[in-house]
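Colleague: The following block contains a protein sequence and its predicted model.
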There are 2 protein chains.
Amino acid sequence: MEHNPCRAREILDRVGDKWSLLVIALLGERTKRFTELKREIDGISQRMLTVTLRGLERDGIVTRTVYPVVPPRVEYSLTPMGATLMDAANTLVDWAESHLSEIDAARADYDTRARAEEPVKTS
Amino acid sequence: MEHNPCRAREILDRVGDKWSLLVIALLGERTKRFTELKREIDGISQRMLTVTLRGLERDGIVTRTVYPVVPPRVEYSLTPMGATLMDAANTLVDWAESHLSEIDAARADYDTRARAEEPVKTS
DNA sequence: CTGCATCCCCGGAGATACTG
DNA sequence: CAGTATCTCCGGGGATGCAG
């Protein structure tokens, strides 16, 4: 059977946001703490890291382990299902890495041709 | 070398929007016309289909062929690069299809436990 | 250290109307 | 048929401040 494209939206709604795949990729390396993730993800705010991790936890993709010590220590890691998602996601990441320059070239080319067709201002 | 998670953002910025993967999946079946895509993608507006197709064309993922007839006839198809992207994307779609119910279960479970921990109102 | 609450802004996306 | 042009709305996500 063919892929049902309509399901594609559901998965993208879950991991297609701004940070989820990044978090998944990093947790794929090993279990990490909150601050560790924060440090490794360039540009993410504290709020968005929390929001993203909660969402992934809710979906059964990451686990959250709280150690009752002071100062607090919280560790995040991938569930088995999360690990399988990471494999799928990495396929896309691989594609991105090997085609980004090609895309950039296509864009530059497209933009150049678009400019060439612009109406000439005679005033 | 490991995957560079930061690149993941770039690919998601390109195909992680609301409609791109759907369009790519449908064009993966065969070349199609504008109205044909519009009919097959449930809920997409004319405007968003146009915007999405323009973006994919700009990135070198789809080609746009205009036949100078009346009424106008425009056909869209995947480029070779677009086809490789479809393969990668299908990996994610496959994952989605096989894990959606598991995710739904995880969510229901999470939400149930969250409610159980809510503060009791004694007033 | 880890996280929640609040405010606010911007851009993605829908609705509608018009055109070659 | 295959678009373009506006207007509008909503929510994702950033900044900041407070808390256990």
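Modeller: Perfect, thanks for sending it. In this text the structure is predicted, and so the values were computed from the model without any measurement. Numbers count the residues shown, from 1 in each chain, chains lettered A, B, ... in the order given.
Colleague: tell me which element the residue most central in space within chain A falls in.
Modeller: Taking CA atoms, centre = their mean, the centroid of chain A lies closest to residue A:21, which sits 2.6 Å from it. Per DSSP states H and E: residue A:21 is located in helix A:20-29.
Colleague: how far is that helix from where the chain is centred?
Modeller: Between the centre of helix A:20-29 and the centre of its host chain there is 8 Å, according to CA atoms, centre = their mean, to the nearest Å.
Colleague: Model confidence for the residue nearest to the centre of chain A, exactly?
Modeller: For residue A:21, the pLDDT comes out at 89.
Colleague: Would you agree residue A:76 falls within a strand?
Modeller: Yes. Assessed with DSSP: H, G, I helix; E, B strand; the rest coil, residue A:76 lies in a strand.
Colleague: Which residues of chain A lie near DNA strand D?
Modeller: Applying CB under 7 Å from any atom of the strand, one finds that chain A approaches DNA strand D through A:17, A:18, A:19, A:43, A:44, A:45, A:46, A:47, A:48, A:71, A:72. From N, CA and C alone the C-beta is placed, and that goes for glycine too.
Colleague: Can you give me the neighbour number for the first one?
Modeller: Residue neighbour count, defined by other CB atoms under 10 Å in any protein chain shown, stands at 16 for residue A:17.
Colleague: Dihedrals phi and psi, it?
Modeller: Torsion angles at residue A:17 (phi, psi; degrees, to the nearest 10) stand at phi -80, psi -170.
Colleague: which of the residues of chain A next to DNA strand D count as buried?
Modeller: When the residues of chain A next to DNA strand D are checked for burial by 16 or more other CB atoms under 10 Å in any protein chain shown, the buried set is A:17, A:19, A:44, A:48.
Colleague: Point me to the residue of chain A nearest DNA strand C.
Modeller: residue A:35 (2.8 Å; CB to the nearest atom of the strand).
Colleague: Start from the N-terminal end of chain A and give the helices.
Modeller: With helices called from DSSP state H, chain A shows them at A:5-15, A:20-29, A:34-40, A:46-58, A:80-116.
Colleague: For the shortest one, buried residues please.
Modeller: Spelled out, it's helix A:34-40. Buried residues in helix A:34-40, counted by 16+ other CB under 10 Å: A:34, A:37.
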